[in-house]
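Peer 1: this one's structure only:
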């Protein structure tokens, strides 16, 4: 018997959104008939030039990546107006969140998160033996964060804005006010995985990576290519901070943590913003169809600044979980938020044709 | 100032082999003229059907991977004769080595490694605050491992066979004898990144993953698609052990840690073993040319069971580092082993045409 670290006993694994492969395996549904709107992926895929760049470079898969990731960091640097030494790439933004935890947290150290938020903050923190404190409300409440900061003195605060899995978003001015009032030795992670969507809906929600990390050296801003850029499969994200913070996080970074084709895909995606822009337009327009449906059916939902809408749906004694299961059998993958302890469905806003099918199926559930 | 974990002060980053991009940037050499034999990649690339599978699937990059990685684990399971629940995939075998460290090591815990070995064992262990003990000799000496096991009582022992970066390999019978004599609560990692090459040269060096992990539940066997399969850029490796070990390691695994195209590439590579076989033939034959060169020039080297040869090369007052630099300026990337505290060059065995150029260039250095 290997003596494993005791912390393993208290660790829970992340419950991922269901893949198309599982629906095919379990229900024998033709994969082309499956609609996957459970993981907030870009329903239009990535831009065509990204596909072509990867196809062209496929014969270079034998070469280890350029571990400096200079092309990618230069492209990101231009996008955000920061020098490459203020950027750390990761195997998804997940990995840079992990670096932050491992660089800062030791056993028993407190962190502070929102009650309902991306599950990985807690998982990574617990892997370090940290103690996780959280607020009480479903959307972010910065006053609650401020009060708890005074009492629990967290070493890391995680703000997810726009927030997964319910879609609320913080105003930049409120975040800055909060940052001014907390101790400057507290690392604040701003997880901006959905920031592009928030900015499109309301520019007051936009937090510029350069500005916030210039003003507040204790802020670590994280972003991803998994959402608006349509590269969820390629596992690529990034963190931005001041130089000193980034050079410390680099100490926990394993070499070659991003695949060469992933880095190429991300770099190419940054040169094809028109694809992103048309997706953002679609998202905003199609979101309204789900809002109308929810209003018609008197289903509670929150105004969402992301690429999904969360419906607190239940009908005729059917729970959200049962509704999600029923749609799954029809080849429609939504996200049951039971693992977040919410009786709710999270639906990624799809293409118009996908949303037609989802809304029809939901209407049948609510008939 | 963020209060980082004190351990960061003692961490050193891995010094990666130089990428083609760097030679292009620094010396302005046409990338098509660069010969990269510094990172033990497959010089023939991956099999053509693997390239085609990735090209065909490129439009699916927006979908998160199937986090069960069932297709890949099934294919690996068939290859090794184990059930999928005895396999853990990783972002390179690097990542599964990291899982092992994080699951077992706490601050101050001892580990035992060979004096000269893959650098990441030490780096991952130090990230956990572990104390690293090592043997004295350049090739693995299992008697020394046994003695040190008694005195330092390591929680993990790392055996790299065939060994990077010098190429020695252990006999299976010696490894089994060693495993019988050490405490059964010591995790023994057998890093088999180069096992296919060792097996080709001398079947006595072959350690079957199923057999060793059946016989010794404290063994964690790791392998990679970066070497013989020609997928170094895609970051994919795996670990094999008994069910209980694997389920514990899973607790430290982040979701989606392998890209979807990487998992597809690896699964397809397992269906194209003839490509591997012809590469192994080439490797064995071309290795002899380097051995002859070394003998002619009276350069010390060790019999290598991997896809590289390490030459303890120096001439006319020139160090290995200077020889490596000279070749680099000619567009030939070899690995200077200075960061391993060896005055030696590690040369990946290339294609015949590449080896022609490398041997010509080396002969000029030694003229």
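Peer 2: Cool, got the structure. Quick caveat, the model's predicted, so the values are computed rather than measured. Numbering: from 1, shown residues only, chains lettered A, B, ... in the order given.
Peer 1: now residue A:335. Its backbone dihedrals?
Peer 2: Backbone torsions for residue A:335, taken as degrees, to the nearest 10, come to phi -110, psi 120.
Peer 1: enumerate the positions of the one helix or strand residue A:276 maps to that are buried.
Peer 2: Per DSSP states H and E, residue A:276 falls inside helix A:273-296. Under the neighbour-count criterion of 16 or more other Cβ atoms under 10 Å in any protein chain shown, helix A:273-296 has A:275, A:276, A:279, A:280, A:282, A:283, A:286, A:287, A:289, A:290, A:293, A:294 buried. All C-beta atoms are positioned from the backbone trio N, CA, C, and that covers glycine.
Peer 1: which stretches of the stretch 101-250 of chain A have low pLDDT?
Peer 2: Residue ranges of the stretch 101-250 of chain A with pLDDT under 70: none are present.
Peer 1: chain B contacts on that one?
Peer 2: A:102-106, A:120, A:123-124, A:127, A:155, A:184-187, A:218, A:226, A:230-235, A:245, A:248, A:250 (Cβ under 8 Å from any Cβ of the partner chain).
Peer 1: 7 Å instead?
Peer 2: For the stretch 101-250 of chain A, the contact set with chain B under Cβ under 7 Å from any Cβ of the partner chain comprises A:103-104, A:106, A:127, A:185, A:187, A:218, A:230-235, A:245, A:248, A:250.
Peer 1: in strands, which of those fall?
Peer 2: Members of those lying in strands (criterion: DSSP state E): residue A:187.
Peer 1: and the residues of the stretch 101-250 of chain A next to chain B, which is closest to residue A:301?
Peer 2: Residue A:301 has its nearest neighbour among those in residue A:232, at 23.9 Å by Cβ to Cβ.
Peer 1: who's in contact with residue A:224?
Peer 2: For residue A:224, the contacting residues are A:92, A:93, A:193, A:237, by Cβ atoms under 7 Å, 6 or more residues apart in numbering or on different chains.
Peer 1: for chain A, which segments count as helices?
Peer 2: A:20-27, A:48-57, A:70-80, A:93-104, A:120-127, A:142-152, A:172-181, A:195-201, A:209-215, A:243-250, A:260-269, A:273-296, A:320-329, A:352-366 (DSSP state H).
Peer 1: for residue A:4, which of those is the nearest?
Peer 2: helix A:120-127 (12.6 Å).
Peer 1: tell me what that closest one is packed against?
Peer 2: For helix A:120-127, the contact count by 3 or more Cβ pairs under 7 Å, 6 or more residues apart in numbering or on different chains; DSSP states H and E identifies helix A:93-104, strand A:110-113, strand A:131-134 as packing neighbours.
Peer 1: kindly recompute the last result at 8 Å.
Peer 2: For helix A:120-127, the elements it packs on are helix A:93-104, strand A:110-113, strand A:131-134, strand A:156-160, judged by 3 or more Cβ pairs under 8 Å, 6 or more residues apart in numbering or on different chains; DSSP states H and E.
Peer 1: got the ones you listed as JSON lines, with mean neighbour count columns?
Peer 2: JSON lines is the format used below for the helices and strands packed on helix A:120-127 (neighbours: other Cβ atoms under 10 Å in any protein chain shown):
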{"stretch": "helix A:93-104", "mean neighbour count": "26"}
{"stretch": "strand A:110-113", "mean neighbour count": "24"}
{"stretch": "strand A:131-134", "mean neighbour count": "16"}
{"stretch": "strand A:156-160", "mean neighbour count": "26"}
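Peer 1: ok, which of those comes nearest residue B:67?
Peer 2: When those are compared by Cβ to Cβ, helix A:93-104 sits nearest residue B:67, at 11.9 Å.
Peer 1: which one (most neighbours) among the contacts of residue A:224?
Peer 2: Of these, residue A:92 is surrounded by the most neighbours, 31 neighbours in total, counting by other Cβ atoms under 10 Å in any protein chain shown.
Peer 1: residue contacts, that one?
Peer 2: Residues near residue A:92 by Cβ atoms under 8 Å, 6 or more residues apart in numbering or on different chains: A:224, A:226, A:235, A:236, A:237, B:254, B:256.
Peer 1: give me the number of residues near residue A:10?
Peer 2: Using other Cβ under 10 Å as the criterion, residue A:10 is surrounded by 10 other residues.
Peer 1: distance of the closest residue to residue A:137 other than its chain neighbours relative to residue A:109?
Peer 2: For residue A:137, ignoring the flanking residues on the chain, the nearest one in space by Cβ to Cβ, 6 or more residues apart in numbering or on different chains is residue A:115 at 6.2 Å. Distance of residue A:115 to residue A:109, computed by Cβ to Cβ, to the nearest Å: 20 Å.
Peer 1: who has more neighbours, the two?
Peer 2: Per other Cβ under 10 Å, whichever of residue A:115 and residue A:109 has more neighbours is residue A:109, with 19 against 16.
Peer 1: measure the more buried one to residue B:330 for me?
Peer 2: Residue A:109 is 52 Å from residue B:330, by Cβ to Cβ.
Peer 1: test my guess that residue A:5 contacts residue B:106.
Peer 2: Yes. Applying Cβ atoms under 8 Å as the test, residue A:5 and residue B:106 come out as touching, 5.9 Å apart.
Peer 1: those two: which has the busier surroundings?
Peer 2: Neighbours were counted for residue A:5 and for residue B:106 using other Cβ under 10 Å; residue A:5 has more, 20 against 16.
Peer 1: per-residue confidence at residue A:276?
Peer 2: With respect to pLDDT, residue A:276 scores 98.
Peer 1: which residues touch the residue lying closest to residue A:327 once chain neighbours are set aside?
Peer 2: Among residues not flanking residue A:327 along the chain, residue A:361 sits closest, at 5.4 Å (Cβ to Cβ, 6+ apart). Each residue near residue A:361 by Cβ under 8 Å, 6+ apart is listed here: A:327, A:330, A:332.
Peer 1: quick one: contacts for the residue in the stretch 251-367 of chain A that chain B sits nearest to?
Peer 2: Chain B sits closest to residue A:260 of the stretch 251-367 of chain A, with a gap of 3.5 Å, by Cβ to the nearest Cβ. Taking Cβ under 8 Å, 6+ apart, we find residue A:260 in contact with A:57, A:60, A:61, A:63, A:64, A:65, A:66, B:233, B:234.
Peer 1: CSV for those, including distance to residue A:266 and neighbour count?
Peer 2: Formatted as CSV, those follow (distance: Cβ to Cβ, whole Å; neighbours: other Cβ atoms under 10 Å in any protein chain shown):
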residue, distance to residue A:266, neighbour count
A:57, 13, 20
A:60, 16, 17
A:61, 16, 28
A:63, 17, 22
A:64, 17, 24
A:65, 12, 26
A:66, 13, 21
B:233, 14, 28
B:234, 15, 33
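Peer 1: for the residues you listed, give me CSV that also has distance to residue A:204.
Peer 2: Output for the contacts of residue A:260, formatted as CSV (distance: Cβ to Cβ, whole Å):
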residue, distance to residue A:204
A:57, 40
A:60, 43
A:61, 44
A:63, 45
A:64, 43
A:65, 38
A:66, 39
B:233, 42
B:234, 41
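Peer 1: just give me the closest of these to residue A:271.
Peer 2: The closest of these, once distances to residue A:271 are taken by Cβ to Cβ, is residue A:57, at 14.6 Å.
Peer 1: alright, that wraps it up for me.
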